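*Asks:* Next comes the sequence, and after it the predicted model I'd like to discuss.
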Amino acid sequence: MADAFDAIVIGSGFGGAIMARRLAEQGMRVLVLERGRRWEPADYPRKPGDAWIFSDSRPARHHGWLDMRFFRGMTVAQAAGVGGGSLCYSSVAVEAHPDVFQRGWPSEITHSELKPYYDTVAREMDLQVVPDGQLTRRFEIARDAARNLGHADRFSKAPLAVSFSPDWSYDLEDPFDHKHSRPFVNAHGQRQGTCIHLGNCDLGCDVRAKNGLDVNYIPRAEQRGAVVRPLHVARSIEPVGGEYRVVFDRIEDGRLVPGVERATRVVVAAGSLGSTELLLRCRDQYRTLPRLSRTLGSRWSANANFISMAVYSRETEVRQSTGPTISAMLDFADGAIRNQRFVVEDDGFPNLLLNAVKEYLDGHVRTPVGRHLLTELEEYLRDDTPLRDLLLWLGAGQDAGDGRLVLKRRLLRPWTRTLGLDWTLDRSAAVIEAIEAMQQQLTEASGGRSRALPTWRLLKSLITLHPLGGCPIGTSADDGVVDHLGQVFGYPNLFVADGAILPTPTVRNPSHTIAALAERMAAHVR
Ligand SMILES: Cc1cc2nc3c(=O)[nH]c(=O)nc-3n(C[C@H](O)[C@H](O)[C@H](O)COP(=O)(O)OP(=O)(O)OC[C@H]3O[C@@H](n4cnc5c(N)ncnc54)[C@H](O)[C@@H]3O)c2cc1C
Ligand code: SF4
C-alpha cells in the first residue's frame, strides 16, 4: 500500500488552493484531488459542442467548465477545474463590510482579525483596478446612473484580480488583437499577459490576464511539492486507525476508475454544495462520519444574488461583452437603503456563454415554462439582436441564509440519493426587492428600459453565483459543523475550508473573504 500523505485537500478553489499551498510550505506532503480538469487557454470552451458543462451525475461524460444545478426556486452556477471558481469568476475581490461579522460569527472572527489575511491574499493575487484610460462603457453608464441618483459617493472601481498595462486603450487601431497584451512573468514565476478587454473573464482569459489561483497559489503549492490530481472526484471520507481514507473516482477515457488514498489530515474544500454533499453522504449514506453535526446542510445562502437587464438604444453603445466582466460597484452594505444591506455591480455577459446555457437547456428542458424560457433566450441569441444594447446588473446582499441542503431520494430510483435544496424566498424577499428597485432606478437614471430575467418574471426563481454555507462555523456541534479554525466537531484533523463554512452571507462578493479565512485557518493547522 502506498505511503499516506500528510494532508489530502479535496477541491482546488479559493479554500483548497490556499490550504494546499500553505500546508505544503509547512513541509507537509499534500495531495489535491480536483474533480475538474486542468484548463489551458487552448481548451477553454468557445463554441457549441465544446466542454461547457460539468455534470454531477455523469462526470465521466461531461467534465467541462460550469456546473449548473437546478433546484426549486434557485439555480446555482459553479466552476469545475484546477483553480475552482477563480477560473470562471469575474475577478472582483472585496473585503466584507465589518458589520457582517457582528452577527452569526464566532467572537474569534472579526474584520480586524481577518484584515492581515485579506492583505496577504490581495498581495498574492495582485489586485488592481481598471486604469482611468480603459474605462468600459458599462462602467461609464453605471457611474452616470449613480451620479444622477445622488449616489456618487457610493460608487467605486471594483478591485480586480486582473493585470492591466497602462499602455492599452480602446483608441488603439485593433485594440483586441493579442499583440497588445504585454507578456510578463508574475511574482510566482508564471507567464501572463495584460488585459486587452476581450470580455471573456467568466469563460477563461485567452491572454492569461486574470490573476486566478491557477497562476499564483496553485503553482506555489506545486513548487513546494504538492501533488495536484485533476479529474478526481472525491466520494467518501472514512477515519481508519488515526488516519483518514479518501475514496475517489478518477475520470479516464470516458469512464470512472475507483481509487483510494490515505492521509493524517483531510481538508474538504469542494465549495458550498460540494463539501456539504460529500459530508452529508458520509454521515447519512455511507455512515463513515456518523457524528457530524445535525446542523450539516443548514444556513445555506445565495448571498441574495439578483440579476436584471437594462436595455438601451443603439446610440448608447453599451458594448456589454467587452472589457472586464465587472469593473464597478455601488455599495449599500451599510444598510442605508430600506434598512437592507446590498451592492450592485455592472455585469457583462460573454455572448458565448448564452450559447452554453441554451445548449444545456435544449438538452434538459421539457416543460412548457422551460420551452418559453428557451424562446426568450433565443430572442437574445439571434444574429440581428446582438447583446450590445444590453447591460446586466448583478446585485448581492444579506439574505436570510435560511436555506438547507439535504440528500433526497430520487423519485424514479429511490435507492439512490441526490442533493436537494430547501429554499424559500419568504424571509429574503425584502432584500431582493430592495436590490431590484435599485437596479430599476439605475436603469431609468441612465436612459434604459428595465427588464427582469425570464426566470424571475415567470417562475420567481433566482440564480446565484455565490452559494455559501451548509457546513457553518459554530461554537459546538449544537450550532455548527466546524469551529472557527475550520476543524470539524468530533473529528480531529478533518477540516472544511471554503464557502461552505460561512455562517452568514458576505453581502459583497465572497471569494476574498473565503480566501482570507483559508489563510487564517492554514496559519493554525499543525
Ligand atoms: C460566473 C461566476 C462569476 C463569479 N464572479 C465572482 C467575483 O467576481 N467575485 C467573487 O468574489 N466571487 C465570484 N464568484 C463566486 C466565486 O467563484 C465563489 O464564491 C468561490 O469560487 C467559492 O470558493 P470555494 O473555495 O468555496 O469553492 P470553489 O472555488 O467553487 O472550489 C471548489 C472546487 O472543488 C471542486 N470539487 C467539487 N466537488 C468535488 C469533489 N467531490 N471532488 C473533488 N473536487 C471537487 C470543484 O470542481 C471546484 O474546483 C463567481 C462565480 C461564478 C460562477
Ligand atoms: S477582459 Fe478579457 S483580457 Fe481582460 S481579464 Fe477579462 S478575459 Fe482577460
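*Replies:* It's in. Residues are numbered from 1 along each chain as shown. Ligands and ions are numbered 1, 2, ... in the order given.

*Asks:* Show me which residues of the stretch 351-500 of the chain are close to ligand 1?
*Replies:* Contact residues (Cβ under 6 Å from any ligand atom) of the stretch 351-500 of the chain with ligand 1: 465-466, 498-499. Yep, even glycine has a C-beta here, placed from its N, CA and C like the rest.

*Asks:* Please apply the same query to the stretch 51-200 of the chain.
*Replies:* Going by Cβ under 6 Å from any ligand atom, the residues of the stretch 51-200 of the chain near ligand 1 are 77-81, 84-85, 88-92.

*Asks:* The same query, at a cut-off of 5 Å, please.
*Replies:* By Cβ under 5 Å from any ligand atom, the residues of the stretch 51-200 of the chain that approach ligand 1 are 77-78, 80, 84-85, 88-90, 92.

*Asks:* what's the most distant pair in the residues you listed?
*Replies:* 80 and 92 (20.4 Å; Cβ to Cβ).

*Asks:* I'd like the mean pLDDT over the top helix by length along the chain, please.
*Replies:* For the chain, the helix that runs over the most residues, judged by DSSP state H, is helix 429-445. Taken as a whole, helix 429-445 carries a mean pLDDT of 98.

*Asks:* Residue 150: neighbour count?
*Replies:* As a burial measure, residue 150 scores 9 neighbours (other Cβ atoms under 10 Å).

*Asks:* so it, which of the three states?
*Replies:* coil (DSSP: H, G, I helix; E, B strand; the rest coil).

*Asks:* Can you tell me how far it is from residue 330?
*Replies:* Distance from residue 150 to residue 330, counting by Cβ to Cβ, to the nearest Å: 12 Å.

*Asks:* and the chain, which residues reach ligand 2?
*Replies:* With Cβ under 5 Å from any ligand atom as the criterion, the chain meets ligand 2 at residues 162, 195-198, 200-201, 205, 209-210, 324.

*Asks:* Backbone dihedrals for the residue nearest to residue 79 when sequence neighbours are not counted, please?
*Replies:* Nearest residue to residue 79, sequence neighbours excluded (Cβ to Cβ, 6 or more residues apart in numbering): residue 88, at 4.2 Å. The phi/psi pair for residue 88 (degrees, to the nearest 10) reads phi -110, psi 0.

*Asks:* coming back round to it: more neighbours, residue 80 and residue 92?
*Replies:* The residue with more neighbours, out of residue 80 and residue 92, is residue 80; 33 against 28, by other Cβ under 10 Å.

*Asks:* The following helix or strand past the longest helix of the chain - contacts with which helices or strands?
*Replies:* Past helix 429-445, further along toward the C-terminus, the next helix or strand under DSSP states H and E is strand 449-452. Counting contacts by 3 or more Cβ pairs under 8 Å, 6 or more residues apart in numbering; DSSP states H and E, strand 449-452 is packed against strand 306-311, helix 429-445.

*Asks:* next helix or strand past strand 449-452?
*Replies:* According to DSSP H and E, the helix or strand after strand 449-452 is helix 454-459.

*Asks:* circling back to that earlier point, what's around the residue nearest to residue 79, how many residues?
*Replies:* Residue 88: 25 neighbours (other Cβ under 10 Å).

*Asks:* and it, what does it touch?
*Replies:* Contacts for residue 88 were tallied using Cβ atoms under 8 Å, 6 or more residues apart in numbering; they are 65-66, 79, 202-204.

*Asks:* coming back round to it: can you tell me which two in the residues of the stretch 351-500 of the chain next to ligand 1 are farthest apart?
*Replies:* With Cβ to Cβ as the measure, no two of these lie farther apart than 465 and 498, at 14.9 Å.

*Asks:* ok, those two, which is more surrounded?
*Replies:* Under the neighbour definition other Cβ under 10 Å, residue 465 and residue 498 were set side by side, and residue 498 has more, 34 against 23.

*Asks:* From ligand 2, how far out is that one?
*Replies:* According to Cβ to the nearest ligand atom, to the nearest Å, residue 498 stands 24 Å off from ligand 2.

*Asks:* Give the closest residue to that residue in space, chain neighbours not counted.
*Replies:* residue 15 (3.3 Å).

*Asks:* number of nearby residues for the one you found?
*Replies:* Neighbours around residue 15, by other Cβ under 10 Å: 35.

*Asks:* which SSE is the residue lying closest to residue 446 once chain neighbours are set aside in?
*Replies:* Closest residue to residue 446 apart from its sequence neighbours, by Cβ to Cβ, 6+ apart: residue 145 at 3.9 Å. Counting by DSSP H and E, the element that carries residue 145 is helix 137-148.

*Asks:* ok so, going back, name the residues that touch the longest helix of the chain?
*Replies:* Residues outside helix 429-445 that contact it (Cβ under 8 Å, 6+ apart) are 142, 144-146, 148-149, 304, 306, 308, 310, 330, 332, 337-338, 340-342, 344, 393, 395, 397-399, 425, 449-450, 452, 462.

*Asks:* What is the neighbour count of the closest residue to residue 129 other than its chain neighbours?
*Replies:* Closest residue to residue 129 apart from its sequence neighbours, by Cβ to Cβ, 6+ apart: residue 157 at 4.0 Å. Per other Cβ under 10 Å, the neighbour tally for residue 157 reads 16.

*Asks:* now swap in residue 3 and tell me
*Replies:* Number of residues near residue 3 (other Cβ under 10 Å) recorded here: 9.

*Asks:* distance of it from ligand 1?
*Replies:* For residue 3, the distance to ligand 1 - Cβ to the nearest ligand atom - is 21 Å.

*Asks:* cool, residue 70 as well?
*Replies:* Applying Cβ to the nearest ligand atom, the value for residue 70 to ligand 1 is 14 Å.

*Asks:* Measure how buried that residue is and give me the count.
*Replies:* Number of residues near residue 70 (other Cβ under 10 Å) recorded here: 16.

*Asks:* Which strand residues bridge it?
*Replies:* Residues in a beta bridge with residue 70, per DSSP bridges, are residue 75.

*Asks:* what does residue 53 give?
*Replies:* Going by DSSP bridges, residue 53 forms beta bridges with residue 66.

*Asks:* That one: neighbouring residues, count only.
*Replies:* Neighbourhood size, residue 53 [other Cβ under 10 Å]: 22.

*Asks:* Quick check, it in contact with residue 69.
*Replies:* No: applying Cβ atoms under 8 Å as the test, residue 53 and residue 69 come out as separate, 11.4 Å apart.

*Asks:* what residues are up against the residue of the stretch 101-250 of the chain found nearest ligand 1?
*Replies:* Residue of the stretch 101-250 of the chain nearest ligand 1, by Cβ to the nearest ligand atom: residue 234 (3.6 Å). By Cβ under 8 Å, 6+ apart, the contact list for residue 234 reads 10-11, 33, 35, 246-248, 270, 278.
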